[in-house]
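Visitor: Got a predicted structure plus its sequence, pasted below:
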Amino acid sequence: MSVDSELHTRRPMAMTRRPGAAATPAASAMSAMSASSAPPVRRRGEDWRKAWPFLAIFALAALLPLAGNNYWTVIATRAAIYWILVSGLNLVVGYAGQLAIGYVALLTLGAYITSVLAAGNVLPAMPPFLALACAGAGGGVFGLVVGLPALRLRTFYFAMATLGFATIVTQIALAWGDVTGGGIGLSGPAMPAPFDSEMGLFYLCLGLAVLCTLLTANIARSRYGRGLIAIRDAEVAAEASGISKVRLLALIFVFAGVLAAIAGGLFASLQTYITPDAFTFELSVLFFIAILIGGRGSILGPLLGTIILTVLPELAAPLAAWSNFLYALMLLVIVLAAPGGIAALLDFRSRRPLPANRRIVPDAAPLDRLLNRGRQDGRGNETANGHGGVRKDAGKGAGNGAEGIALRNVVLSFGGVRAIDGLTLTIAPGQVHGLIGPNGSGKTTTLNVISGYYRPQEGTLRLAGAPLPAGQPLLRAPHGIARTYQTPRIIGEASVLDNVMIGGTLHGHASFIETLLRLPRHRRDDTALRQAAHDALQAVGLAALADARADRLQHSELRFLEIARALVLRPAFLLLDEPAAGLAAEEIRQLGELIRHISRHGTGVLLVEHHADLIFDICDHVTVLNLGRVLADGTPAKVREHKEVVSAYLGG
């Protein structure tokens, strides 16, 4: 659905006045950014539009043996096998952003496990398909082993770790001659009829390639896929949304390892005879570059990249010795001509111009659906409606909202500098609490302490009377605490809708297997989350841009986008870090009204902001910090008259 087709007029939000504040008229102009109250539904045509390139590729591949050229049937079989591996590796490299260069190790492992078990070199000889299944299980285990360093190592160092594992596997294959045949090698498994011919093996591999495409697409388009992209491009925001990097990457490494090992078993059958020399560094380069030239965050691009890199050496056989050079040259050309890879070249919709005169006009109506319904935390605990809006299970750390978030005598030092010096602060449910002060006064540091990024040396944090674990940001989202950042943490290559859906990751209940197979509970989760994301976008006035890439939005739109992502969590408490920075006067007014409406639905808001007028206009309570200490605390009227505040912060 194009952005232009969604542009239509609607009833603007009627903003209510806060007693004592200046009147704020309802927006009378019809906004180009408006959207209907009912979120758009995914159209069947949209799914077909995404599916037809895959259908065309696999249909053409299925017809290839009818040409009667056995040579190209073998090449197509090899391409299908490589894609089985690359489809899983794509989730690791393209989606999660991990530089796993040495995945030829898992191909090698799968080939040897399948061949050894089918030959009966260790145990009684197994049927080839059972041996292939065992290889997949082994690949899952070693896929996790290969991936574990990614939890601590980054970029280049993790790449070296995967290459080191590939070297280890090759050396074991050479040294364990009694089982693997050493340098001489051993026969690959012979598949049973009807897969014992070139054509039979081709259709087996093609069928598995289609299956792997479906499975990886299911993951990529789910909360797990969005979580991987969030870890890749906005890890801090992912953590604040309750996305566990350790758990998610572990699942993906196991899955990718299973596919790589199965590909290895099929590769051994295709080769009919394997030696360690068959698993070269060039294969690792091929797998990795197929994803890079295909484009990260895409399924179609890496599929085309795999086909191109498999066929290219056959078309340029005289240049076989220059294969690594050709791969590098192709990568260089893609990086210079199309940094987004093949997928970016084919993404015509994202290049459509967005309306130049669009405006942000929030609508309070969807907040009733988002925040007045029973909230749930990440463990599925039911929460209170309306006022308070926090969990009922006080013993587990959220309570009934009577006390809110309480910091008592918190001290945090960086070296010899006390960023927070004995801070006592309470954020009450259903109120807007302003936190102001000069630069360096400790405002954002306070947010980071509440968010779990910093662990204070002294003092306590409590949520509804129960301890709030310090230094554990992953536990904030399950407790109903959401936040935004000074610099918007968004995923530029993802759509606006996908960015917002990341905030509701914890509300999904389907397991990884249910998502992989697209079972009913996964479909229900996805429908509910998509509905909530559309509600949040409508609430902040960005519904018409749901399908646009986030990196095409203006700065002010990114500010409201982050708030929409936080709202999808249905937070009991919302921490806003300078949300008005860079906004125009009218946008600041719209932001203030939106924050007031959020607080009226029972959400406690802690607002860190330099725009004093916004703070004193919408806040119920204001705390002024200076050098990490509380300079003044009380109602806006009381704080505004405080002499030291006027002198140190407001001027005059």
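Guide: That came in fine, so what should we check first? Numbers count the residues shown, from 1 in each chain.
Visitor: how about the helix or strand bottoming out on mean pLDDT in the chain: buried residues?
Guide: Ranked by mean pLDDT, DSSP states H and E, the weakest helix or strand in the chain is helix 323-337, scoring a mean of 75. Neighbour-count burial for helix 323-337, with 16 or more other C-beta atoms under 10 Å as criterion, is recorded at 323, 327, 330-331, 334. The way it works is simple: take the backbone N, C-alpha and C, and place the C-beta from them, glycine included.
Visitor: Stretch 606-626 now?
Guide: 606-609, 611-612, 614-626.
Visitor: how far is the least confident helix or strand of the chain from where the chain is centred?
Guide: Relative to its parent chain, helix 323-337 has a centroid offset of 28 Å by C-alpha atoms, centre = their mean, to the nearest Å.
Visitor: rewinding a little: inside helices: which ones of the buried residues of stretch 606-626?
Guide: 612, 614-618 (DSSP state H).
Visitor: Mind picking the two most distant members of those residues?
Guide: Using C-beta to C-beta, those span at most 11.6 Å, a distance reached by 612 and 618.
Visitor: Just the C-alphas of stretch 260-271, formatted as PDB.
Guide: Taking C-alpha atoms only, stretch 260-271 is exported to PDB below (Å, rounded to 0.1, in the frame of the first residue of the first chain):
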ATOM      1  CA  ALA A 260      24.100 -25.600   7.400                       C
ATOM      2  CA  ALA A 261      24.700 -29.200   8.500                       C
ATOM      3  CA  ILE A 262      21.800 -30.500   6.400                       C
ATOM      4  CA  ALA A 263      23.300 -28.600   3.400                       C
ATOM      5  CA  GLY A 264      26.600 -30.400   4.200                       C
ATOM      6  CA  GLY A 265      24.900 -33.800   4.100                       C
ATOM      7  CA  LEU A 266      23.300 -33.000   0.700                       C
ATOM      8  CA  PHE A 267      26.600 -31.600  -0.600                       C
ATOM      9  CA  ALA A 268      28.300 -34.900   0.300                       C
ATOM     10  CA  SER A 269      25.700 -36.800  -1.600                       C
ATOM     11  CA  LEU A 270      26.100 -34.500  -4.600                       C
ATOM     12  CA  GLN A 271      29.900 -34.900  -4.600                       C
END
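Visitor: what's in contact with that stretch?
Guide: 74, 77-78, 81-82, 84-85, 88-89, 103, 106-115, 128, 131-132, 135-136, 138-140, 142-143, 188-191, 201, 204-205, 208, 274, 278 (C-beta atoms under 8 Å, 6 or more residues apart in numbering).
Visitor: Would you mark the buried spots in it?
Guide: Neighbour-count burial for stretch 260-271 flags 260-271 (criterion: 16+ other C-beta under 10 Å).
Visitor: mind listing which of the residues you listed are in helices?
Guide: Per DSSP H, the buried residues of stretch 260-271 map to helices at 260-271.
Visitor: before we move on, back to that, next, give me the two most distant ones among the buried residues of helix 323-337.
Guide: 323 and 334 (16.6 Å).
Visitor: Including distance to residue 152, could the ones in helices among the buried residues of stretch 606-626 go into a markdown table?
Guide: Shown next, in a markdown table, are those (distance: C-beta to C-beta, whole Å):
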| residue | distance to residue 152 |
| --- | --- |
| 612 | 44 |
| 614 | 42 |
| 615 | 41 |
| 616 | 47 |
| 617 | 47 |
| 618 | 44 |
